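Chemist: Let's see this in three dimensions:
(one chain, ligands or ions: 1)
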Amino acid sequence: MSFVQQLRHAERLNDSLLCVGLDPDPAKFPTHWQGDASRIYDFCAAIVDATKDLVLAFKPQIAYFAAHRAEDQLEQLMAHIKRVAPQVPVILDAKRGDIGATAQQYAREAFERFQADAVTLSPFMGRDSIEPYLQYPNKGAILLCRTSNSGGDDWQMQRLADVPGQPRLYEHLAHLAQTEWNHNGQLGLVVGATYPQEIARVRELAPTLPLLIPGVGAQGGDAAATVAAGWRGDATQTTGPIVVNSSRAVLYASRGEDFAAAARRVALETRAVLRPTVAR
Ligand SMILES: O=C(O)c1cc(=O)[nH]c(=O)n1[C@@H]1O[C@H](COP(=O)(O)O)[C@@H](O)[C@H]1O
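Modeler: Next up is the predicted model:
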């Protein structure tokens, strides 16, 4: 099954557009585990167990593991997700971007070592920096397009004088990802929930691509506006799924021993807000 098919399947199965982001920060762990990096796996596995029937994807952020020398715990976590929630695809958020030879190693890390179903990438170095990831059949490569942070304006909103119509950089990328870069149907795009207008624009330019949309919850993105801008009906062959990520708001809903139950409550609430008003 391709990454997009996995998303469509999980969307239907769990009736959800929510992706829970796994950004484990020991400083924010429940009081009894606070500051203990050896609990990264236990913490994330508890969140996975509590939310696996409510999500269409999980998204571990590799920096939160690597910073604590906890890549082994990330491997364990990936195996755990495959075991307890095989129907839920996993996006490894690594935001890699390098020349082809090095990208081959990053692709191997994401897809062979960590067994991810998709990986996030920076497209700044161009098409040949993306190609190595596309050598892995059925895996997804999700390109940063219009990111949720305000500094994204510095590049992404600039107009390209040499391209007909003088599109903004993010618009040009969305066009390329929908057309000539996407020869195997493996590409997706990141668009921040903090910019619903641009979600609508990217959806217009890239109607069949999956959109990873972070920024609801802690970053204050408007969940309902996000869905209105990006969701185009139930998972069919022609519409791209949307994957709306929330990390901190779910993970750190409680500092008590009830943290997993609290995470489930927030995930349920977020899923309900994201559920489109259109009947499925
Ligand atoms: O690629 C991403 O996931 C990403 C892109 C983007 O534009 N903005 C963004 O916040 N993210 C990631 O999405 C997550 C957002 O976390 P919360 O703000 O806690 O929900 C973090 O893991 C970020 O690294």
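
Chemist: how would you label Glu257: helix, strand or coil?
Modeler: Three-state call for Glu257 (DSSP: H, G, I helix; E, B strand; the rest coil): coil.

Chemist: What number of residues are in the vicinity of it?
Modeler: Neighbour count for Glu257, taken as other Cβ atoms under 10 Å: 12. For glycine as for every other residue, the C-beta is placed from the backbone atoms N, C-alpha and C.

Chemist: Can you give me every residue that contacts it?
Modeler: When contacts are counted by Cβ atoms under 8 Å, 6 or more residues apart in numbering, Glu257 touches Pro30, His32.

Chemist: when you give positions from now on, start the count at 23
Modeler: In the new count, where the first residue is 23, that last one comes out as Glu279.

Chemist: So what sits opposite His118 in the bridge?
Modeler: Just to correct that, residue 118 is Arg rather than His. With DSSP bridges as the criterion, Arg118 is bridged to Leu143.

Chemist: From what I see, it and Met147 are in contact.
Modeler: No - in this structure, Arg118 is not within contact of Met147 by Cβ atoms under 8 Å, at 9.9 Å.

Chemist: of those two, who's got more company?
Modeler: Ranked by neighbour count (other Cβ under 10 Å), Arg118 and Met147 place Arg118 first, with 23 against 16.

Chemist: Per-residue confidence, that one, what does it come out as?
Modeler: Looking at Arg118, its pLDDT reads 98.

Chemist: cool, Gln259 as well?
Modeler: 62.

Chemist: near the ligand, which residues of the stretch 73-222 of the chain?
Modeler: Gln83, Asp115, Thr142, Thr169, Ser170, Val212, Gly214 (Cβ under 6 Å from any ligand atom).

Chemist: Where does pLDDT dip in the stretch 123-272 of the chain?
Modeler: Filtered on pLDDT under 70, the stretch 123-272 of the chain yields the residue ranges 256-259.

Chemist: And what about the most centrally placed residue in the chain, helix, strand or coil?
Modeler: Most central in the chain under Cα atoms, centre = their mean is Leu234, positioned 4.7 Å from the mean C-alpha point. Under the three-state scheme (three-state DSSP), Leu234 adopts strand.

Chemist: Val266 now?
Modeler: Assignment for Val266 (three-state DSSP): strand.

Chemist: Quick check, it in contact with Ala215.
Modeler: Yes - under the criterion of Cβ under 8 Å, Val266 makes contact with Ala215 at 6.6 Å.

Chemist: where do the contact lists of those two overlap?
Modeler: Here Val266 and Ala215 share the contacting residues Ile235, Pro236, Val238, Ala245, Thr248, scored by Cβ under 8 Å, 6+ apart.

Chemist: List the contacts of the third one.
Modeler: Under the criterion of Cβ under 8 Å, 6+ apart, the neighbours of Val238 are Ala215, Asp244, Ala245, Thr248, Val266, Asn267, Ser268, Ala271, Thr292, Leu296.

Chemist: cool, the last one as well?
Modeler: Contacts for Thr248 were tallied using Cβ under 8 Å, 6+ apart; they are Ala215, Pro218, Ile221, Ile235, Gly237, Val238, Ile264, Val266, Leu296.
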